[in-house]
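> pasting the sequence and the predicted model now:
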There are 2 protein chains.
Amino acid sequence: MSFELHQKLDADCEKLCDFDLCTVLLMRDDRFPWVILVPRIEGLRDYHDLPRDSASTLFDEIARVSTALVDTFGAEKINVAALGNQVPQLHVHVIGRFTDDAAWPGPVWNAGIAENVDSSVVEKRAVLLRGALTP
Amino acid sequence: MSFELHQKLDADCEKLCDFDLCTVLLMRDDRFPWVILVPRIEGLRDYHDLPRDSASTLFDEIARVSTALVDTFGAEKINVAALGNQVPQLHVHVIGRFTDDAAWPGPVWNAGIAENVDSSVVEKRAVLLRGALTP
């Protein structure tokens, strides 16, 4: 079965690029530089559903995004999480955190959803990240 | 430098066992079967600090715990996360979730901290998980 991005991820995010394994998305949230990696393999749900021979590639792709968040935005901490209680398609959050951000030191999910998002902030981040993540 | 478990992880958790890479802990929280994996390598902070040649091992150990949480407690979803905003030593949460648990469908961190923990629940889980995770 061919891979199709879950409609909620498609609706909430802007696509940045495709890596070898994952599609790379940016959440439309002006509070945090918040990337989501989605392995393009149909039917994955939990993290351990990933085929074992893709584990190193996913690690590399998480590391690549993490490094870009540090280098591009000066992120002080990176949060990595595969939760998926609301969107069943396996996706990995890779979020740049700052000690003065809207949720610190809690996880971003403690801070509610983004309201009145400044789309220019998101768009600027998307441009910078595309530059950092694509050759 | 030799590895030493962070004092907050030591205080908040019960040790279950040692895997090849990680020390396996159980959070003293009666609301969720909540395991924490701590790679025994000194100085790691973010997920991408893990040496690349340990990535597959960490994946395997996450998968082993996830499978145990499903098989032992019937967990309906597994949440995996490396956050570390409050405890800087790299540690990976592997949490069994249920559609009727105290935080569903939010992440467990939305539900505050555990209060008046029933230690018999935690102890029973520890016994079952040790049985499932050790040969």
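Cool, got the structure.
> what is the end-to-end distance of stretch A:37-53?
17 Å (Cα to Cα, to the nearest Å).
> er, stretch A:10-24 actually
End to end - Cα to Cα - stretch A:10-24 spans 11 Å.
> if you count neighbours, what's buried in that stretch?
A:Asp12, A:Cys13, A:Glu14, A:Leu16, A:Phe19, A:Leu21, A:Cys22, A:Thr23, A:Val24 (16 or more other Cβ atoms under 10 Å in any protein chain shown). Any C-beta I mention is one placed from the backbone N, CA and C, and that applies to glycine too.
> contacts for it?
For stretch A:10-24, the external contacting residues (Cβ atoms under 8 Å, 6 or more residues apart in numbering or on different chains) are A:5, A:25-28, A:35-41, A:54, A:57-58, A:61, A:64-65, A:92, A:122-123, A:126, A:129-130, A:133-134.
> the same query, at a cut-off of 7 Å, please.
A:5, A:25-28, A:35-40, A:54, A:57-58, A:61, A:65, A:122, A:126, A:129-130, A:133-134 (Cβ atoms under 7 Å, 6 or more residues apart in numbering or on different chains).
> buried stuff in the lengthiest helix in chain A?
The longest helix of chain A (DSSP state H) is helix A:55-73. By neighbour count on 16+ other Cβ under 10 Å, the buried set for helix A:55-73 is A:55, A:57-70, A:72-73.
> chain B next: which of those are close?
By Cβ under 7 Å from any Cβ of the partner chain, the members of the buried residues of helix A:55-73 lying near chain B are A:Ala55, A:Phe59, A:Ile62, A:Ala63, A:Ser66, A:Thr67.
> chain B contacts on chain A?
Contacts of chain A with chain B, taken as Cβ under 7 Å from any Cβ, map to A:46-48, A:52, A:55-56, A:59, A:62-63, A:66-67, A:77-86, A:97, A:104-107, A:109-110.
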